[in-house]
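In: what follows is a protein structure lacking sequence information:
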Ligand code: PXP
C-alpha cells in the first residue's frame, strides 16, 4: 500500500504569476491532507520562483503529516532547512534556466559535498533523500553518502513517446528499485507521473511513496483540489 506525497509548488506558481496572495499553497496542503495525502512537498528554489520562505515557515507550522523540502545542496538553503526542520529533505539538482527539475542528481560526481550536506541535515534531525536517475550506480552512491531514501526520477519514463519506449524506460526503473531494495534503502518515485502512467507501478510494491505535483494541480483546476488528490490516493493505495 503506497502513500501519496503532494507537491504544492504549482499552486504557488499560479499565485506568483499574478504577484498577489492567492491561490495559497498552504491552504492547498491542508486540503491535500484532508483528502488523504500523507506528505506535503515543496521546493524552495534559489530563485524563489514559486514557493517563498514564508510558505515554508507556514507549512512547517501547519502540515500535520510530514513535510518534505526539495532543495539544492547549497549553503543558503541547507541553513534554512536546518532552522525550519522539515521531516525530510530531498536533494535535487537545480539550474536557473530549467522549467522544472530536469535530471537526477549526479551523486557519483560529488560524493564529498553530498556526504557533508547529509551530515549537516542529519545533525538537525532531518532524514535525507536523493533524487536520482534510475541508475544502480547512483543508488549505491546515495547510500554511500548517507542517504536514507532514494527518490527514483520517473521523468524519462513519463516522457516516453511509444509503448516500447515506455517499457524500456520502465525496465530501468525496476532495476534501480531492485538495487535500492537490496541495499535496504527506502524508496520513493516521482516526476511527470499522472493518473494514467502511474498504473504501471503496481508491480513495484517496494516503492513506499509517490511524489506528484503537476498532474494533481492540473486536475484540481478542473475538478477541485480535494477530488484531484483523493483520486490519486485511490490509485496508489492499491500498489
Ligand atoms: N520529485 C522531484 C524531486 C521534483 O523535483 C518534482 C517536481 O517538482 C516532482 C517529484 C514532481 O513532479 P511533477 O510536478 O511532474 O509531478
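Out: Perfect, thanks for sending it. What you are looking at is a predicted structure, and each value in this text was computed from that prediction instead of being measured. Residues are numbered from 1 along each chain as shown.
In: contacts and neighbour counts: CA atoms only from here.
Out: Noted.
In: where do the helices of the protein begin and end?
Out: Ranges of helices within the chain are 9-18, 25-34, 53-62, 75-84, 111-123, 136-144, 155-158, 163-182, 214-223, 225-236, based on DSSP state H.
In: how about the nearest residue to residue 71, chain neighbours excluded?
Out: residue 91 (5.2 Å; C-alpha to C-alpha, 6 or more residues apart in numbering).
In: cool, residue 185 as well?
Out: The nearest residue in space to residue 185 (C-alpha to C-alpha, 6+ apart) is residue 149, at 5.5 Å.
In: contacting residues for that neighbour?
Out: 128, 129, 130, 185, 186, 187, 188 (C-alpha atoms under 8 Å, 6 or more residues apart in numbering).
In: who is it paired with across the strands?
Out: On the basis of DSSP bridges, residue 149 is bridged to residue 129, residue 186.
In: residues from this protein in reach of the ligand?
Out: Residues of the chain lying close to the ligand by C-alpha under 6 Å from any ligand atom are 92, 101, 131, 190, 191, 192, 193, 211, 212, 213, 214, 215.
In: hmm, 5 Å instead?
Out: 101, 190, 191, 192, 211, 212, 213, 214 (C-alpha under 5 Å from any ligand atom).
In: identify all contacting residues around stretch 69-89.
Out: So stretch 69-89 is contacted by 41-46, 56-57, 60, 66-68, 90-94, 114, 117, 120-121, 124-129 (C-alpha under 8 Å, 6+ apart).
In: which among the residues you listed count as buried?
Out: Buried by 16 or more other C-alpha atoms under 10 Å: 41-45, 56-57, 60, 66-68, 90-94, 114, 117, 120-121, 126-129, out of those.
In: which parts of stretch 32-40 are buried?
Out: So for stretch 32-40, counting by 16+ other C-alpha under 10 Å, buried means 32, 33, 35, 36, 37, 38, 39, 40.
In: so how far is residue 16 from residue 3?
Out: From residue 3 over to residue 16 the distance is 29 Å, taken as C-alpha to C-alpha, to the nearest Å.
In: ok, residue 212 next?
Out: Residue 212 is 20 Å from residue 16, by C-alpha to C-alpha.
In: now swap in residue 29 and tell me
Out: 17 Å.
In: ok, these two, which is more surrounded?
Out: Between residue 29 and residue 16, counting by other C-alpha atoms under 10 Å, residue 29 is the more crowded of the two (27 against 18).
In: would you confirm that that one contacts residue 63?
Out: Yes - taking contacts as C-alpha atoms under 8 Å, residue 29 lies within contact range of residue 63: 7.2 Å.
In: hey, what's in contact with both of the two?
Out: residue 40.
In: now residue 72: phi and psi?
Out: The phi/psi pair for residue 72 (degrees, to the nearest 10) reads phi -80, psi 150.
In: contacting residues around the residue located most distally from the centre of the chain?
Out: In the chain, the residue that sits farthest from the middle, by C-alpha atoms, centre = their mean, is residue 164; the gap is 26.4 Å. Applying C-alpha under 8 Å, 6+ apart, we find residue 164 in contact with no residue.
In: again, but for the one 10 residues further on
Out: By C-alpha under 8 Å, 6+ apart, the residues touching residue 174 are residue 204.
In: distance of it from the ligand?
Out: 17 Å (C-alpha to the nearest ligand atom, to the nearest Å).
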